[in-house]
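give me the fold of what follows.
(2 chains)
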Amino acid sequence: MKGQEKFDRFIQKHPHSHRFFFERPHVTRRDFFRWAGAGLTGSVLAGPLRAGEASKPLATPINKAKNTIFLLLSGAISHIDTFDFKRTQDTPLDVMKPETFSGIEFPAGIMPRLAENVPDMAIIRSARSWALQHNLAQTWTQIGRSPASALGEVAPNTGSVVALEYLSRRKPTDTFPTFLALNSGNAIGSGYLPSTHEPFRINPEANGLPDTNNADGQTRFNDKYAWLKQIDAHRTSSPNSPDLVDYDKFYNNARGLMFNPVVDQAFRFTTQESQRYGATGFGNACLTAGKVLAADQGTRYIQITLGGWDHHQNIYTALPPLARTLDNGLSALIADLKSSGQFNQTMIVMMGEFGRTVGRITGQQGRDHFLQQFILFAGAGIRGGRALGATDETGARSATMAWSRDRDVRPEDVEATIYSAMGIDWTTIRYDDPFGRGFEYVPYAREDVYGPIHELWS
Amino acid sequence: MTKTKKFAFGAVCLLAGSGLVLSWAQEPDELEVNHADCVLFSTKGRELSESGLNAESRRRFRLSQLTEEVLAASATKNLKREVIPGGSRTNIFQELDKMGTIDSHLFRAMQDAGATPSAKTDDYTFARRVSLDLTGRVPTYERLVQFINNPSPDKRARYIDELLETQPWVDKWAMFFGDLYKNVANNTQVNKYNEGRNAFHFYIRDSLAVNKPYHVMVSEMISAAGDHNWERGELNWMVNGQTTGGPVQDHYDQRAAFAAEMFLGNAHFNCILCHDGRRRMDPLSLWGKSETRLESWQMAAFFGRSTAQRVAVSQTPNLGYYRIVNNNNADYPLNTTTGNRSPRQPIGNIRNVAPEYPFADGGRPNPGEPYRVALARFLTNDFQFARATVNYFWKAFFGRGLVDPVNQFDPDRLDPDNPPPEPWTLQASHPRLLNELARDFINSGYDLKALMRQITNSEGYQLSSAYDGQWKAEWQNLYARKMVRRLWAEEIFDAIVQTSNVRNSFTVPGMDPLSWTMQAPDSRTPGGNLGSFLDSFLRGNRVDTERRTDGSVPQVLNLMNDTLVHTRTRASGAGNTASLARQLLNKYTAANNEALVEEAFLTVLSRPVTADEKRPALEKLNAATATATATRQQRVEDLVWVLFNKVDFIYVL
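Below you'll find the predicted structure:
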């Protein structure tokens, strides 16, 4: 596997971009301490993002998706018991009931509805995580780089970058946040980007978006809101202060969500609707995601988290019901996206933070953390009904690779794929980061070490 | 540092849940860290990288930026500021010799840097600031007016004394210490149940209520033994250090890590418990980069002769309490290959590590002395204990520590008479001030109230956040003006309750009903709608999410529309017979709308209304008649709503 070896050699030479600040070519160590000693560093005053502060475009995004739904299966779903199904000595075949759909063996016993959606799925099986610790790997997945890297701690969620890039595309009538996080209280935030691009976090409830109606009614509310703006309008727009400019935006955005039948329509649901999705919290999140996208009010990136997959114990009693929850929610979402016409413009990406051990189950009847994993893509014109890449007999390592780079797919590549699909140049570098060293949307993208998986569309 | 394989920290913190390792960039003697939540890579991990050579980059002047913008938004620069006797601010540089610890250092540093301090803050701003900072509450209207009208020159000092003796002072600092000691009912490692958490909470409250010397309180927590953690709150500090899924050494390590962070301000110590500092801590900590794991074990060994034993009370509901038992087990054995930290194996012929305090003057337990009693002695006598503590409080009152972040002290960069070698710099912005403040604290008998009194009485604390003249952002770390801060979630809600005079009541299991959210025993209660309100203001969860002050749309929706706020703007309805709106309407007729508006601003924002704010208010109130679209009652209710939503309501200026 030439691609793999070449990649491994590069990564050995250039470990994840946590190279220390003063080793970047344009700033010497001497410079840094001279500046630090003087107490002044011009670029340190993190101003707002000005035009011309990003690098020149280098790559052509494939631009196939209007929206992205990112499903994080936190706890780390077992790949060999789901989307990279393997028959092991312990696999309860009577529960799993594996069948072959489009050449893919799929546990229809635990995910009967999704079995019908296999033609929509492109499942990457030659994928590998970098680390086996939940927090670390979940963060890595959401920011598309090592959290321990030099900019890792200020790196924004992929969704926040999308929100930033799409800021100029928002219509005046768009009232929904660009980046919506459902059941994702622990979602990584906007990092160093202005807090306007924070994920809007809600756990969907039948009554809709909480606190979007004022008990005084619209007329009186508008009146007092105008009064507030009148006396708090002394804000001078300071270029050095993103925090409070955002504060004003929060009020404007909040106001936009109020007394808004479109909001109510998108965020409220009936018992019947919820039941169609399995009547679970996850199901409600999927339901809301579909409705929000159908409302077309500016939301472009939705993150949904379904946790509970950390099956160190009793995996074959614990996993099936959770798989059912996934099955009910995701299949209904795909169906509704199709009927609302959103499916062909919405890319679904689904992954855990890593996989789980293969072969025999442990002494606690479970599976432990494991680097090999799968990543599922669907929608947005992606050619489904296939697996890209394959693992060996047990699912431990990649046997054939998914793409022309001829190596394992990594979270950095997933991030690049999302950007490319959304029409964003994944090789962009922004020069407005607080370290003044340049924030790469995807690490080493300019060196073409990581990149989008365009094979998904061919 | 070689070009190929150096890492800031971790990135090599791998798990070997099943013995697998990462396939890339590994040196032969690289340690693997075993599974569970290595603290470095939680959300706290972000902070841990900010202390070293590249310190002060991201958050450098954020406070300064925030201060400027909040003031601009709140229109208080149009507030008429009283002239403080004493004249121009440059006079202050002539007074340096007459000043106390804090002011002599702060103003001398400003003078050396050519920075002009802001003016002294006016009485209104001072009253609100010190009341919130000390007690988490805004002053009442009556108390504020009394304060303003008081002619005596020492009224500020008297007000401080008064605030220190209130019940809300206990409430606020119990919340503060609850955060610091991570007091929760349960987390992924140990379940103290509501009973244990409440007991710990009450222990903290009781200690504060008698102003227990802080070194006594910390000694009690470190050395506590016996039954029963639901009854003796101090036992819970030890219980908190319990871990799961690993050998007993994991407990010892966790307790040592907590002690180092909470009492010595040194969270990097936690890193050394997994691996030597060499090649990992190099850019982060001068002390850390030469520390060895063996030295960290010498500290952990102090916890090696105690166990936390769980005694089951019932199965359903699942309940149990803990007792802390001392024993004579062999000293910290080096014999683990699994658990939450990397393998511990003999070093040469060291198979057990005896306790030896790895800081200050060292120290070993006396013969027959319980190990943790000895540790309490060494730790509380350690100068760093005083220094870390005063620094935590400095941050609470000034917005950033003299060493910041406050849990990333680098012990080798603190002595101005022995500065570190280049390129390292002294860590504190004011190293001599920090040390003197620590000495004052020790001399006071580790008296927390004395420390707070000292801080709030200083000129530095009482500077205005408004600045006349050309401000430079880099003066932020000279404290040349006071920085604003956003109120805690609990302060915001309690201010709404207090100023509206509409009571609140909520229950927490095991406690009598509470009226103030600042009295909650942890930041994950209450739940429900009130909990959501508090959560939207990011009160943290004491486990992996700290308190934050970021804004968000849900916060705004809460302030504008939530029933908890809405009902408190009303002049009528059940529970509102004495609400602010009702009282204002009763007290002032339509002929006195101006006085009504003035009192409203004084009550909710603790300051006079400005001309620009008064004009629209009077327009609306004067136009409100019984037949107009908005009645007078409605206008007054709207005014209260507007005040709750003003930016200077949720910020301390």
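
just want the most central residue of chain A.
Taking CA atoms, centre = their mean, the centroid of chain A lies closest to A:Phe70, which sits 4.1 Å from it.

quick check: that one touching A:Val349?
Yes: counting by CB atoms under 8 Å, A:Val349 is a contact partner of A:Phe70 at 5.1 Å. Using the backbone N, CA and C atoms, a C-beta is placed for each residue, glycine as well.

common neighbours of these two, please.
A:Ile418 (CB atoms under 8 Å, 6 or more residues apart in numbering or on different chains).

now the closest residue to B:Val647 other than its chain neighbours: which helix or strand?
Spatial nearest neighbour of B:Val647, excluding adjacent residues (CB to CB, 6 or more residues apart in numbering or on different chains): B:Ala73 at 4.6 Å. Assigning secondary structure by DSSP states H and E places B:Ala73 in helix B:62-74.

show me what contacts A:Leu326?
Shown in contact with A:Leu326 (CB under 8 Å, 6+ apart): A:Leu73, A:Met111, A:Leu114, A:Phe282, A:Leu306.

next one: the stretch of helix or strand it belongs to to chain centre, how far?
Using DSSP H and E, A:Leu326 sits within helix A:315-339. Relative to its parent chain, helix A:315-339 has a centroid offset of 18 Å by CA atoms, centre = their mean, to the nearest Å.

so which of the contacts of A:Leu326 sit within strands?
A:Leu73 (DSSP state E).

closest one of the contacts of A:Leu326 to chain B?
Comparing the contacts of A:Leu326 against chain B with CB to the nearest CB places A:Leu73 closest, at 17.7 Å.

residue contacts, the nearest residue to the closest one once chain neighbours are set aside?
Distances taken as CB to CB, 6+ apart put A:Gly352 closest to A:Leu73, at 4.2 Å, once the chain neighbours are dropped. Residues in contact with A:Gly352 (CB under 8 Å, 6+ apart) are A:Leu72, A:Leu73, A:Ser74, A:Gly75, A:Ala76, A:Ile77, A:His79, A:Trp309, A:Gln373.

save the residues you listed as TSV, and put in neighbour count and distance to B:Lys120 too.
Shown next, in TSV, are the contacts of A:Gly352 (neighbours: other CB atoms under 10 Å in any protein chain shown; distance: CB to CB, whole Å):
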residue	neighbour count	distance to B:Lys120
A:Leu72	24	52
A:Leu73	23	57
A:Ser74	20	52
A:Gly75	20	55
A:Ala76	26	57
A:Ile77	28	61
A:His79	27	65
A:Trp309	21	59
A:Gln373	31	61
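
out of the residues you listed, which is nearest to chain B?
A:Ala76 (10.4 Å).

check contacts around the closest one.
By CB under 8 Å, 6+ apart, the neighbours of A:Ala76 are A:His134, A:Ala137, A:Trp309, A:Asp310, A:Gly352, A:Glu353, A:Phe354, A:Gly355, A:Arg356, A:His369, A:Gln373.

how about it, secondary structure?
coil (DSSP: H, G, I helix; E, B strand; the rest coil).

find the nearest non-adjacent residue to it, please.
A:Gly352 (4.3 Å).

could you dump the following helix or strand past the helix holding B:Ala73 to PDB, C-alpha only?
Going down the chain from helix B:62-74, the next helix or strand is helix B:101-113, by DSSP H and E. Coordinates of each C-alpha in helix B:101-113 appear next as PDB, following Å, rounded to 0.1, in the frame of the first residue of the first chain:
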ATOM      1  CA  THR B 101       0.600  46.300  49.700                       C
ATOM      2  CA  ILE B 102      -1.700  46.200  46.700                       C
ATOM      3  CA  ASP B 103      -1.700  49.800  45.800                       C
ATOM      4  CA  SER B 104       2.000  50.500  46.200                       C
ATOM      5  CA  HIS B 105       2.800  47.700  43.800                       C
ATOM      6  CA  LEU B 106       0.100  48.300  41.300                       C
ATOM      7  CA  PHE B 107       0.600  52.000  40.900                       C
ATOM      8  CA  ARG B 108       4.400  51.800  40.900                       C
ATOM      9  CA  ALA B 109       4.200  49.300  38.000                       C
ATOM     10  CA  MET B 110       1.800  51.700  36.200                       C
ATOM     11  CA  GLN B 111       4.200  54.600  36.700                       C
ATOM     12  CA  ASP B 112       7.100  52.500  35.500                       C
ATOM     13  CA  ALA B 113       5.200  51.600  32.400                       C
END
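
any idea how far helix B:101-113 is from the chain center?
25 Å.

mind listing what's buried in it?
With burial defined by 16 or more other CB atoms under 10 Å in any protein chain shown, the residues of helix B:101-113 counted as buried are B:Thr101, B:Ile102, B:Asp103, B:Ser104, B:His105, B:Leu106, B:Phe107, B:Arg108, B:Ala109, B:Met110, B:Gln111.

cool, stretch B:532-548 as well?
B:532-545, B:547.

correct me if wrong, but B:Gln309 is in a helix.
No: counting by three-state DSSP, B:Gln309 is not part of a helix but strand.

ok, it - contacts?
Contacts of B:Gln309 by CB under 8 Å, 6+ apart are B:Tyr322, B:Arg323, B:Ile324, B:Val325.

from B:Leu319, how far out is it?
The gap separating B:Gln309 from B:Leu319 is 15 Å, by CB to CB, to the nearest Å.

where does pLDDT dip in the chain?
All of this is about chain A. Applying pLDDT under 70 to chain A flags the ranges A:1, A:12-53, A:148-150, A:153, A:233-246, A:434-437.

actually it's chain B I care about, not the one you picked
For chain B, the ranges with pLDDT under 70 are B:1-60, B:75-90, B:188, B:544, B:626-629.

mind giving me the domain split of it?
As given by automatic domain parsing, the domain ranges for chain B are B:92-165+B:459-484, B:212-381, B:383-446.

save these as JSON lines, and put in distance to A:Phe439 too.
Converted to JSON lines, the domains of chain B look like this (distance: least, CB to CB, whole Å):
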{"stretch": "domain B:92-165+B:459-484", "distance to A:Phe439": "22"}
{"stretch": "domain B:212-381", "distance to A:Phe439": "20"}
{"stretch": "domain B:383-446", "distance to A:Phe439": "22"}
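
which one, of those domains, ends up nearest to A:Asp174?
Closest approach to A:Asp174 among the domains of chain B (CB to CB): domain B:92-165+B:459-484, 32.0 Å.

ends of the closest one, what's the gap?
23 Å (CA to CA, to the nearest Å).

chain center to it, what's the gap?
Worked out by CA atoms, centre = their mean, domain B:92-165+B:459-484 lies 20 Å from the chain centre.

now the strands for the stretch 151-300 of chain A?
Taking DSSP state E, counting those that start in this stretch as the criterion, the stretch 151-300 of chain A carries its strands at A:179-182, A:200-202.

direction included, what does the first one pair up with?
With DSSP bridges as the test, strand A:179-182 is paired with strand A:200-202 (parallel), strand A:301-305 (parallel).

deepest of the ones you listed, which one?
Neighbour counts (mean count of other CB atoms under 10 Å in any protein chain shown) averaged over each of the strands paired with strand A:179-182 peak at strand A:301-305, with a mean of 26.

neighbouring contacts of it?
Here strand A:301-305 makes contact (CB under 8 Å, 6+ apart) with A:67-72, A:74, A:142, A:157-159, A:162-163, A:178-184, A:186-187, A:199, A:282, A:285-286, A:289, A:292-293, A:422.

neighbours of the residue in the stretch 301-450 of chain B positioned nearest to chain A, how many?
Nearest to chain A, among the residues of the stretch 301-450 of chain B, is B:Pro423, at 4.8 Å (CB to the nearest CB). Each residue near B:Pro423 was counted by other CB atoms under 10 Å in any protein chain shown, and the total is 13.

since that was my last question, I'll sign off now.
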